[in-house]
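Trainee: give me coordinates for this.
(3 chains)
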Amino acid sequence: MSFRAVCKADVVKSVIDSLSTLVDEAKFQVAPEGLEVLAVDAAHVAMIDLSLSKAAFKNFEADEMELGIDIDKLSDAVRLAGADDEVEIVLEDEGLLRLEIGNLTRRMSLVDTSGMTDPKIPDLELPAMIKMPGAELDRGIKAAEGISDHVALHATAGGFELSAEGDMDSVNLNLEKDTLLEHRASEEVRSLFSLDYFSNMVKVAKDAGTVQLRLGNDYPVRLGFEFADGEGEVTYLLAPRIESA
Amino acid sequence: MSFRAVCKADVVKSVIDSLSTLVDEAKFQVAPEGLEVLAVDAAHVAMIDLSLSKAAFKNFEADEMELGIDIDKLSDAVRLAGADDEVEIVLEDEGLLRLEIGNLTRRMSLVDTSGMTDPKIPDLELPAMIKMPGAELDRGIKAAEGISDHVALHATAGGFELSAEGDMDSVNLNLEKDTLLEHRASEEVRSLFSLDYFSNMVKVAKDAGTVQLRLGNDYPVRLGFEFADGEGEVTYLLAPRIESA
Amino acid sequence: MSFRAVCKADVVKSVIDSLSTLVDEAKFQVAPEGLEVLAVDAAHVAMIDLSLSKAAFKNFEADEMELGIDIDKLSDAVRLAGADDEVEIVLEDEGLLRLEIGNLTRRMSLVDTSGMTDPKIPDLELPAMIKMPGAELDRGIKAAEGISDHVALHATAGGFELSAEGDMDSVNLNLEKDTLLEHRASEEVRSLFSLDYFSNMVKVAKDAGTVQLRLGNDYPVRLGFEFADGEGEVTYLLAPRIESA
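Mentor: Residues are numbered from 1 along each chain as shown, chains lettered A, B, ... in the order given. Presented below is the predicted three-dimensional model:
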């Protein structure tokens, strides 16, 4: 079993940022074509599906295998690298990962993956699809944070709305159809989400530029974005909250 | 009763910064020509008189009325706007204020003003007047903070002095007459002030560029500055401390 | 007894930074040619020898004397000055130091030096010598901080290595001979140091550009660097830790 990958530090940092909002440790499914991580948060409210193709790397040689990685340790190891610095990641024989960043060598033990479950991505029909700049969504989320602990996402034929309601106060981010990058909504749909989770996901997504939302009626939201010049992809899935009457 | 005002976000932010050092909620006296806020801090040590003319707004249409505003909520609502972003503020029928910032709509409940007092600005003879860059005054204040919890302000025919005395240590900021922007002091005057209050006022004032001080002998200090290109004006009044023998 | 010195604020700031990692108060040995501080930390693990020649000052007139200085107070007094602002330091008759920074005057009481010991610099044979950019050493230290509370410094004929070992994880900074600015190591030497102390010293040293290390086998490390355009010099001495078997 061999694994050797070389890429820019900021690709590794994107992977770390995407995963660390949900989990502390993750099982990386490695194959000759690239890698994938499927993970669920401890409360089973949210899921991530992250994939990174071989083309995102300067060099990528890998057999099929699983690598259990402590995200904090990985973060600690690459935080000293500049965004354009190269990181070389090699599997050493004793179940150790070796990172080379310039003159620095970091060896970290792998985590046992036998206790980690393989979440299945549910097959969901989500009729509405919206694309917008992540920064716009983030602004709505930040405004909602002072008002409530949950947000409603709402797609209509006319556009997209994010709203939060307090006792007397409220926030609405209203984006009409033609101000969105893409918009598909044959029927009107609306779901409610925990602001805590959603805000963390949007914070990660906004650095990617464009984010895609897929929505249903009282259904999970699917938030997707690309990184590493399109060679990496993250899809978050977040369960809805039940709206109290 | 109608109220509708449009202005740049940084004008609202100046109002918020000026008021929030003294109060959490404030009664805005609105009239067709502009608005004014008179407020006293909870300990009745300091007072603010803030006025903002209609000309500071891109658009201003208002009947005579009082608006009770929670400063924190207002701050929360406009902190996401860039300095040059436009904020539209409208009174909705049910005693709600609506803020529009780009695509974002924020509704906030007004605060009951019936319990808020109307402070009267005392009619004080303050013989000495000094104008200087706020940054200079701020530097003296910051140096004093490590030494004492109060400062003496001192105007003479020769200039202006700020001083703080510790057990053994001391700080003096000495500005001679001709280094000041303006200086009027027929008699020598000196008063002592709580550093806590005065430092907060100076912190707000220093962003305005020029600050004006009016001083008497063991009398309150009046600290004034303009904002919104001269269309807004803040006057702080701070009671003196009794100098222990 | 007279003392009067004028220099740029950043020279004073370098002195403060160098000393404050080890001590709160220090005895400055002043002479007509310049000044020197010898100090040991409270735990007697580390020592500093700081010297600053008369040439580092714009103006320096001093008799032989000792000045006991509270480093925090000195820091507080000069933190408001820009790096290029001039600071004038004068001894006033009553055992007070007067600092003049622009229009600001700060008087601070001197500390009694009678209780302060005069540490003797041990005469050590440290066979290995290495010079490198402080930033490089700092990077190795930062990577080690997540792994262990101590680091090994290791010089061989081939170069220099810094390493830290955790239970399973490790960090190595490996610098080959020809990537170092200077390198002298007739024999192989290795010593272990508390990361806490060493990291603080390196943090101060890295701003100086080049740092010099002198090493022996289970011997103290001597870390030296220059400041104030070469007119100031700091030598830290740090005792080794015993390597557990």
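Trainee: which residue is the nearest non-sequential neighbour of the closest residue to chain C within chain A?
Mentor: Closest residue of chain A to chain C, C-beta to the nearest C-beta: A:Ser109 (3.3 Å). From N, CA and C alone the C-beta is placed, and that goes for glycine too. Closest residue in space to A:Ser109, ignoring its immediate chain neighbours: C:Met168 at 3.3 Å, by C-beta to C-beta, 6 or more residues apart in numbering or on different chains.
Trainee: do you know the pLDDT at that neighbour?
Mentor: What the model reports for C:Met168 is a pLDDT of 85.
Trainee: do A:Asp93 as well
Mentor: Looking at A:Asp93, its pLDDT reads 79.
Trainee: what's it sitting at in phi/psi?
Mentor: When quoted as degrees, to the nearest 10, the phi and psi of A:Asp93 stand at phi -60, psi -40.
Trainee: ok, A:Ala46 touching A:Tyr197?
Mentor: Yes. A:Ala46 lies in contact with A:Tyr197 (C-beta atoms under 8 Å); the separation is 5.3 Å.
Trainee: how far away from the center of its chain is the helix or strand containing A:Met201?
Mentor: Here A:Met201, judged by DSSP states H and E, is contained in helix A:195-206. On the basis of C-alpha atoms, centre = their mean, to the nearest Å, helix A:195-206 sits 9 Å off its chain's mean C-alpha point.
Trainee: so which bits of it are buried?
Mentor: Within helix A:195-206, the residues scored as buried using 16 or more other C-beta atoms under 10 Å in any protein chain shown are A:Leu195, A:Tyr197, A:Phe198, A:Ser199, A:Asn200, A:Met201, A:Val202, A:Val204, A:Ala205, A:Lys206.
Trainee: just put those in CSV and tack on distance to chain B.
Mentor: Shown next, in CSV, are those (distance: C-beta to the nearest C-beta, whole Å):
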residue, distance to chain B
A:Leu195, 14
A:Tyr197, 21
A:Phe198, 17
A:Ser199, 13
A:Asn200, 18
A:Met201, 19
A:Val202, 14
A:Val204, 19
A:Ala205, 17
A:Lys206, 13
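Trainee: phi, psi of the residue located most distally from the centre of chain A?
Mentor: Within chain A, the residue lying farthest from the chain centre (C-alpha atoms, centre = their mean) is A:Met168, at 33.3 Å. Note on A:Met168: its backbone torsions stand at phi -120, psi -20 [degrees, to the nearest 10].
Trainee: test my guess that it contacts B:Leu97.
Mentor: No. With contact defined as C-beta under 8 Å, A:Met168 does not count as touching B:Leu97 (10.4 Å).
Trainee: any common contacting residues for those two?
Mentor: By the contact definition C-beta atoms under 8 Å, 6 or more residues apart in numbering or on different chains, A:Met168 and B:Leu97 are jointly contacted by B:Arg107, B:Met108, B:Ser109.
Trainee: which of the residues you listed are buried, as a PyMOL select command?
Mentor: Typed into PyMOL, the line below selects the buried ones among those, using 16+ other C-beta under 10 Å:
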select buried, chain B and resi 107+108+109
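Trainee: from the shared contacts of A:Met168 and B:Leu97, pick the one nearest B:Tyr236.
Mentor: B:Met108 (26.1 Å; C-beta to C-beta).
Trainee: quick revisit: contacting residues for the residue of chain A closest to chain C?
Mentor: Neighbour list for A:Ser109: A:Gly95, A:Leu96, A:Leu97, C:Asp167, C:Met168, C:Asp169 [criterion: C-beta under 8 Å, 6+ apart].
Trainee: could you chop chain A up by domain?
Mentor: Chain A breaks down by automatic domain parsing into domains covering A:3-109, A:128-238.
Trainee: let's have the ones you listed in CSV, adding distance to B:Ser18.
Mentor: Shown next, in CSV, are those (distance: least, C-beta to C-beta, whole Å):
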stretch, distance to B:Ser18
domain A:3-109, 38
domain A:128-238, 21
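Trainee: out of those domains, flag the one nearest C:Thr117.
Mentor: Smallest distance to C:Thr117 across the domains of chain A (C-beta to C-beta): 38.9 Å, for domain A:3-109.
Trainee: quick one: end-to-end length of that closest one, please.
Mentor: End-to-end span of domain A:3-109 (C-alpha to C-alpha, to the nearest Å): 15 Å.
Trainee: ok, now stretch A:61-75?
Mentor: With C-alpha to C-alpha as the measure, stretch A:61-75 spans 22 Å from end to end.
Trainee: that one vs chain C: in contact?
Mentor: Yes. Contact of stretch A:61-75 with chain C (C-beta under 8 Å from any C-beta of the partner chain) involves A:Lys73.
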